[in-house]
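Q: got a predicted model here, sequence first, then my questions.
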Amino acid sequence: MKVIIVRHGQTDENTKGGDASRDSEALLTYEGILQVKKLGHALKGHRITYAYSSPQKRAINTAEEILFYHSNAKIEHVDNLREQNLGKFSVLPKNVIREIHKQSGKPFADFRPEEGESYADVQKRVTTFLHNLVQKHQNEDVILIVSHGGTLGMLLLSILEKEITEENYKTYKPENSAVTIIEIFKDKPIAIHTINDVNHLN
């Protein structure tokens with residue numbers, strides 16, 4: 001089974017140096033639409049059979065652009081692919097959340113905003129999704145997954161068996177429209193073909 005993992009295209013929040021929250025329905029910018037159109041063209045030869053997207057609009061719109069070339073692919077919107085839930089902190093600027101985290105003294109993986117999720121929580125739900133995907137699909141399927149920077153950062157750390165640290169997160173968090181391609185078989189190690197590739201933008 002081939003799995004194509006994509007972060008959504010650019011949104012207004014991204015242009016301001018931040019990420020849209022779990023509750024945000026930010027739309028793709030003009031640049032974001034161009035990014036995912038280019039990515040869709042780059043992926044048109046992969047014969048995608050199934051697609052799973054976060055139910056947030058920026059992810060859905062990204063998936064739709066990619067699936068323009070794969071009209072027979074079935075798509076499903078999955079809550080486990082949503083962005084991190086920041087709870088009551090979702091209205092706060094990122095730098096304020098970082099300062100609160102720093103003052104808490106908790107490890108990067110375990111800091112949980114009030115009524116929200118820690119990065120460890122995010123990784124648990126997205127890896128559960130991937131595990132269920134492996135059980136559901138056959139070796140010949142080509143799967144598209146479209147989600148968000150924080151969620152996919154945690155998924156990639158799990159796939160690569162890297163510890164959830166701030167440094168590792170910054171290293172592996174995908175840019176807008178970045179694509180990772182892996183192959184998963186039930187009786188073999190995961191094969192990694194490309195990680196967070198953005199060459200389609202050049």
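A: Arrived safely, thanks for sending. For clarity, every value in this text was computed on a predicted model and none was experimentally measured.

Q: in this protein, which helix or strand is least confident?
A: Using mean pLDDT, DSSP states H and E, the weakest-scoring helix or strand in the chain turns out to be helix 12-15, at a mean of 75.

Q: for the most far-flung residue of the chain relative to its centre, what are its contacts?
A: Farthest-out residue of the chain from its mean C-alpha position, per Cα atoms, centre = their mean: residue 103, at 28.0 Å. Residue 103 makes contact with no residue under the criterion Cβ atoms under 8 Å, 6 or more residues apart in numbering. Every residue, glycine included, has its C-beta placed from N, CA and C.

Q: so residue 75, which of the three states?
A: strand (DSSP: H, G, I helix; E, B strand; the rest coil).

Q: quick one, what contacts it?
A: Counted by Cβ under 8 Å, 6+ apart, residue 75 has contacts 50-53, 63, 67.

Q: now neighbour count, secondary structure and distance to residue 178 too, for those, in TSV please.
A: As requested, the contacts of residue 75 are arranged in TSV below (neighbours: other Cβ atoms under 10 Å; DSSP: H, G, I helix; E, B strand; the rest coil; distance: Cβ to Cβ, whole Å):
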residue	neighbour count	secondary structure	distance to residue 178
50	18	strand	21
51	22	strand	17
52	22	strand	17
53	25	strand	16
63	25	helix	15
67	20	helix	18
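
Q: quick one on the thing from earlier: and the least confident helix or strand of the chain, how far out from the chain middle?
A: Centroid separation for helix 12-15 versus its chain: 16 Å, with Cα atoms, centre = their mean, to the nearest Å.
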